[in-house]
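Q: A predicted structure for the sequence below; I have some questions about it.
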Amino acid sequence: MKDQLITWQNEDEAVITQWFFSSGDTVQEGDVVCEVTLEKTVVDIVATVSGELKILAEEDTEIGTDDPICAISPN
């Protein structure tokens, strides 16, 4: 099955502030995998499928619209 790519879907730029898992970890659909910070807001990024996580943007990385954050290889 094809990897599920998770991208930033907001027109405002943000910064990845914390990962709660590492690349290679197994995540479950609905798990909060990381948080990103906008100007005054913190947003949780949630796994859309269960599988193996691959981090594509490290902590303290600025992300913009459609920038890839991570990919999940479904089990």
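A: Alright, I've got the coordinates.

Q: which elements pack onto the helix-or-strand element of the chain with minimal mean pLDDT?
A: Least confident helix or strand, the chain: strand 4-7 with a mean of 92, by mean pLDDT, DSSP states H and E. Packing partners of strand 4-7 (3 or more Cβ pairs under 8 Å, 6 or more residues apart in numbering; DSSP states H and E): strand 68-74. Bear in mind the C-beta positions are built from the backbone N, C-alpha and C, glycine included.

Q: ok, 10 Å please
A: Here strand 4-7 touches strand 42-46, strand 51-55, strand 68-74, going by 3 or more Cβ pairs under 10 Å, 6 or more residues apart in numbering; DSSP states H and E.

Q: Gln18 and Glu58 touch, don't they?
A: No. Counting by Cβ atoms under 10 Å, Glu58 is not a contact partner of Gln18; they are 11.0 Å apart.

Q: so where is the protein shaky, pLDDT-wise?
A: Within the chain, the stretches with pLDDT under 70 are 1.

Q: what is the neighbour count of the closest residue to Asp12 other than its chain neighbours?
A: The shortest distance from Asp12 to any non-neighbouring residue, by Cβ to Cβ, 6 or more residues apart in numbering, is to Leu38 (5.4 Å). The tally of other residues near Leu38 (other Cβ atoms under 10 Å) stands at 12.

Q: from Asp67, how far off is Leu38?
A: Between Leu38 and Asp67 the computed distance is 14 Å (Cβ to Cβ, to the nearest Å).

Q: and for these two, which residues touch both?
A: Common neighbours of Leu38 and Asp67, counting by Cβ atoms under 10 Å, 6 or more residues apart in numbering, are Glu13, Ala14.

Q: follow-up on the earlier one: would JSON lines of the helices and strands packed on strand 4-7 with mean neighbour count and distance to Asp3 be doable?
A: Output for those, formatted as JSON lines (neighbours: other Cβ atoms under 10 Å; distance: least, Cβ to Cβ, whole Å):
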{"stretch": "strand 42-46", "mean neighbour count": "14", "distance to Asp3": "16"}
{"stretch": "strand 51-55", "mean neighbour count": "19", "distance to Asp3": "7"}
{"stretch": "strand 68-74", "mean neighbour count": "18", "distance to Asp3": "4"}
